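1. the sequence isn't on hand, but the structure is:
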C-alpha cells in the first residue's frame, strides 16, 4: 500500500501535566520533518472538542522556536478538555462528526495525547473509520500524572509530579519538624483518584526513619480510622510530630471517599463529591481523636504542572513518546498507544518504547501493586523506591526571561477556515 | 569599656522560611570566626523555649560543612516555636528564668531571628538585663515571609516565597487556561495574615493582560461580595476563565475573616478560626453566585519553605543580615534589629544593611501601601513590580544527593549539660 498522505491532527486531553507539551513537541516536530507525508499539521483546540467544533489551528504557522519551547513549558498548550465520548452506538453522531471534519480537511493522521478515555476515543474513531472505509491512522501518546495506564512501565507526567511531590513533602516535613511544639501534625494532600502512585512518591523524601512522610494514606489501602489513630499516636510517641501524605482518593473499607465520609466535610455547591477534601477529613480526625493541632497542604493543580522542578528524564521520555508515535505512523501502524519500556543494563536504568493496543489501554487501570506497599500499608517498599527513583532524575532546562521567571511557550492558535457547517 | 566576652545564643522563632537557616549560618559562622570574643556558640532548641527549658546545644560541635549547608537548607534547623512572652510585668518570671540560664552559661550575646514578637522578646530581655545590671547584648535578625516588619525595606524570606508563589500561579494559571472548558475558575490561596505582600507577588506571574492571576484578593482591601462577583463575571466575559489569588487573611468590610463569614465554612475542631479557609469560601461564592466550577489550591506550609526554587538574592541577604548582627555586636551595639536598606545605583538594585530599635520593629506592622495597589483593588501597580522583582532574582544553589533530591542540613543538636534546676 502506498504511504498515506494527508494532514495530521494533534490533540491533548484531560488534566494538564508538566510534560504533555513535550510530547506534543515530539509529535509536531517529527511531523514537520516529514512534510512529504504530512501535508499539514493541525492542533485541535481543547482536545476532541476542537475537532467537533472544527476549531483547528495550523501548527506549521507557529514560530518554530515556540514549538521547540513546548519541551520546556507546562500545561496543555493546545488546550485540553474532559469531554468523554461514549460508545459508538451511544455517541455515533459525535464520532461521525469528527470524521466529517477530518475528511473536510483531508486529515489522515490523528495523534491523541491523553489517558485511558482518550485512548478509548482514538480506538473508536479508528474503528468507525475502518467501518466506513476512510483510510486514516489513529495513535495514542500516553499522558497522566496518575501513572495508572495499563501496558506501559510508567507514564509521561508521573516522574515530574513525583519529583515535585517528594520535594514538597521533604520541605514541608522540615517545617513540621521545626514547629512541632505548635503545629504538630501536617496532612499533605496529593492527587491520584484511584491509584496511589503520587502518594507513594512522597516516600522518596524520606532518607531517615524520622523523616517525613511518617504515614502515607494510599487509595489502594482502605482507611480504617482506629488503625490510623493508633498509627498517629505511635508516631507522636516516636517523633513528637506526624507528617501524613494523603491521596485524594483515599476510601473507607465500604468504598466511600474519605472526603465524604461522615457528611461533615466539604461538598461543592453543586452537591458533587469534591475530591480534594480528604486532607480536611484527616485533619479533623487527628484533631478530634488524637488531640493535636493539624494543618493541611493541598497544592492542587500546582502539583501537576510544576515545570520549575520537573524531571529531565520525564521531559525527555515524553518527547520520545510523541516522536515515536509519528515514526510508527510513518510505518503504517494504527490503533496503538506508544508505551514506555524499562530497560536495565547492569543495574543502569534505560527506557525504550513499545506499542500496545488502544483498547487494552482504554480498558485497563494500573494500581500500585502489593509488592510496592509495605506491611503496615502506610508506606512503600524498597522495590518501589527502585522503580520510582530513576523517573525523577535530572533537572529539566528552563528558558528564563529578563524578569527572572521562566518563559513558557505561547502559541498563536489562529483558527483555520471552517469547511463544514457548524456543529451542535 | 573592654570587649564583652562570653557565649552567644542563637535562636529561631515563628514560621519557618526558605532562608532563616541562611541567617543562622551568617550568625554562627561569624561568631565562630571571632572565638576570641565568643567563648561558645549555642543554639536554643525551639526558639526561646529552649532557653526557658535550658535545652541548648553547642553549634561549634556540629560539622562545619553542615553549618555551611544551612545556607542551602529550608525551615528552622535550630527548631522554632510560637511561644510569645508577654510584658515584663506579666511574664517577669519567664524573663528572669531566661537570664538565669544565660548567667549559668555565661551567655553574653543573644541573637534572635524572627518577626515582631521575637523582637519584642529580645527588647524586653535586654531591658531586664540592664535593670539587673547583667551585661549582655541582644540583637534581632529579621525573618518573615509576610514581609510586614517595620523599619526594613523588605524581610529575608519574602523574596523566596514571592518567587515560589509567582511560579506556582504562572504554572497553575496555565492549567486553568488549558482546561477552562471544565475547570473554569481556580482560587489559589497564599499566606499573609494581615498583609498582602505574598498575594501581591503572584502578580509577577502575569506578563500579558490575559495571564493569571486575573483577580488578587488582598487583606488590605475589604472583600465586597457584589463587586467580587462582578469582577469574576467580567473576567469570564473577557477570558472565559478566571484565576484568583486569595490572601488567607482576606476580610469582609466589617473585619470578619472570609474563612469565617457566613458560618458555613470550616473551623477546626477546637473551634479556632482556621485561617486557610478563605479559598474555600471564595470557591463557594464563585460556584453559587457565578455558576461556574471552581477549584482551590492551598499549598500551605510548602510555600514558605520552598528552597528548591528560592531566590538567590533572598538567600544572600538573609546571610548578610545574620552576619551583620554579629559585626554590630562586636561593635557593642545592642537593642537593635538589622534592617535591609535598598540602594539604587543608576537603576540597578542593591542592598545594604542598617539598624533599627527593637521596640520600633516590635510595635510596627507594614502593610502593602496604597501606591502598590491598583485602582480596582484587585491587582498591583508598576511601582510594586519594580519593588518586588529585584527580590526574586537568581537561583539559589542546592546540594543534590545521589538520589537526585536536595540534601538539606541535619544538625546533631546534642544538648549541653544543664546547669540550673529544671523549669516550669
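-> Received it, and whenever you're ready, just let me know what you need. What you are looking at is a predicted structure, and each value in this text was computed from that prediction instead of being measured.

2. may I see the buried residues of the helix or strand of chain A with the lowest mean pLDDT?
-> Ranked by mean pLDDT, DSSP states H and E, the weakest helix or strand in chain A is helix A:278-285, scoring a mean of 92. By 16 or more other CB atoms under 10 Å in any protein chain shown, the buried positions in helix A:278-285 come out as A:278-285. For the C-beta atoms, the positions are set from N, CA and C on the backbone; glycine is no exception.

3. for stretch A:157-169, what is the distance to the chain centroid?
-> 12 Å (CA atoms, centre = their mean, to the nearest Å).

4. is chain B contacted by it?
-> Yes. Shown here: stretch A:157-169 in contact with chain B (CB under 8 Å from any CB of the partner chain) through A:163, A:166-168.

5. among those, which are in helices?
-> The helices, defined by DSSP state H, take in A:163, A:166-168 from the residues of stretch A:157-169 next to chain B.

6. who does the least confident helix or strand of chain A touch, helix- and strand-wise?
-> In terms of contacts (3 or more CB pairs under 8 Å, 6 or more residues apart in numbering or on different chains; DSSP states H and E), helix A:278-285 is packed against strand A:185-190, helix A:225-239, strand A:242-247, strand A:294-297.

7. so is the second one next to chain B?
-> No. Contact of helix A:225-239 with chain B is not found when judged by CB under 8 Å from any CB; the minimum separation is 13.3 Å.

8. pLDDT of that helix, averaged?
-> Mean per-residue pLDDT for helix A:225-239: 97.

9. what sits up against that helix?
-> For helix A:225-239, the external contacting residues (CB atoms under 8 Å, 6 or more residues apart in numbering or on different chains) are A:184-185, A:210, A:214-215, A:217, A:241-242, A:244, A:282, A:285-286, A:289-290, A:292, A:376, A:378.

10. just the buried ones from these?
-> Using 16+ other CB under 10 Å, the buried ones in the contacts of helix A:225-239 are A:184-185, A:214-215, A:217, A:241-242, A:244, A:282, A:285-286, A:289-290, A:292, A:378.

11. near chain B, which residues of the stretch 251-400 of chain A are found?
-> A:266, A:268-270, A:276, A:280, A:283-284, A:287-288, A:293, A:295-302, A:304-309, A:389, A:392-394.

12. run a quick neighbour tally on residue A:412.
-> Residue A:412 has 11 neighbours, counted by other CB atoms under 10 Å in any protein chain shown.

13. circling back to that earlier point, in a markdown table, list the residues of stretch A:157-169 next to chain B along with pLDDT and neighbour count.
-> Converted to a markdown table, these look like this (pLDDT from 0 to 100; neighbours: other CB atoms under 10 Å in any protein chain shown):
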| residue | pLDDT | neighbour count |
| --- | --- | --- |
| A:163 | 98 | 30 |
| A:166 | 98 | 26 |
| A:167 | 98 | 24 |
| A:168 | 98 | 29 |
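
14. which of these lies closest to residue B:363?
-> Using CB to CB, residue A:168 comes nearest to residue B:363 of the residues of stretch A:157-169 next to chain B, at 35.9 Å.

15. thought that closest one was touching residue B:304?
-> No. With contacts defined as CB atoms under 8 Å, residue A:168 does not count as touching residue B:304, sitting 11.8 Å away.

16. what's the offset of stretch A:320-332 from the middle of its chain?
-> 20 Å.

17. list the buried residues in that stretch.
-> Result for stretch A:320-332 [16+ other CB under 10 Å]: buried residues A:320-326, A:328-330.

18. contacts for it, please.
-> In contact with stretch A:320-332 (CB under 8 Å, 6+ apart) are residues A:1, A:3-4, A:8, A:22-31, A:34, A:37, A:109, A:111, A:113, A:137, A:139-142, A:156, A:336, A:338, A:340, A:351, A:353, A:355.

19. out of those, which are inside strands?
-> Using DSSP state E, A:8, A:109, A:111, A:113, A:137, A:139-142, A:336, A:338, A:340, A:351, A:353, A:355 are the members of the contacts of stretch A:320-332 that sit in strands.

20. so which of these is the closest to chain B?
-> For the ones in strands among the contacts of stretch A:320-332, the minimum distance to chain B (CB to the nearest CB) is 12.1 Å, reached by residue A:113.

21. next up, the contacts around the closest one.
-> A:10-13, A:20, A:23-24, A:27, A:140-143, A:322.

22. state the distance from it to residue A:329.
-> Remark: distance between residue A:113 and residue A:329 (CB to CB, to the nearest Å) = 14 Å.

23. and residue A:234, by the same measure?
-> Distance from residue A:234 to residue A:329, by CB to CB: 55 Å.

24. with residue A:22 instead?
-> For residue A:22 relative to residue A:329 (CB to CB), the value is 18 Å.

25. what does residue A:111 give?
-> 8 Å.

26. got it, and residue A:27?
-> Look at residue A:27 and residue A:329: by CB to CB, they are 9 Å apart.

27. just residue A:256 next, same as before
-> 44 Å.

28. now swap in residue A:312 and tell me
-> 26 Å.

29. next one: residue A:407
-> With CB to CB as the criterion, residue A:407 and residue A:329 are 31 Å apart.

30. for residue A:105, same thing?
-> For residue A:105 relative to residue A:329 (CB to CB), the value is 17 Å.

31. and for residue A:164?
-> From residue A:164 to residue A:329 the distance is 32 Å (CB to CB).

32. which residue packs closest to residue A:420, ignoring adjacent ones?
-> Nearest non-adjacent residue to residue A:420, counting by CB to CB, 6 or more residues apart in numbering or on different chains: residue A:104, 5.0 Å away.

33. correct me, but that neighbour touches residue A:419?
-> Yes. Here residue A:104 reaches residue A:419: they are 4.1 Å apart, a contact under CB under 8 Å.

34. quick one, strands of chain A?
-> Under DSSP E, chain A gives strands at A:6-12, A:38-44, A:56-58, A:107-114, A:137-142, A:185-190, A:215-217, A:242-247, A:294-297, A:336-345, A:348-357.

35. okay if I get these as a markdown table plus mean pLDDT?
-> Shown next, in a markdown table, are those (pLDDT from 0 to 100):
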| stretch | mean pLDDT |
| --- | --- |
| strand A:6-12 | 98 |
| strand A:38-44 | 98 |
| strand A:56-58 | 98 |
| strand A:107-114 | 98 |
| strand A:137-142 | 98 |
| strand A:185-190 | 98 |
| strand A:215-217 | 98 |
| strand A:242-247 | 98 |
| strand A:294-297 | 96 |
| strand A:336-345 | 95 |
| strand A:348-357 | 97 |
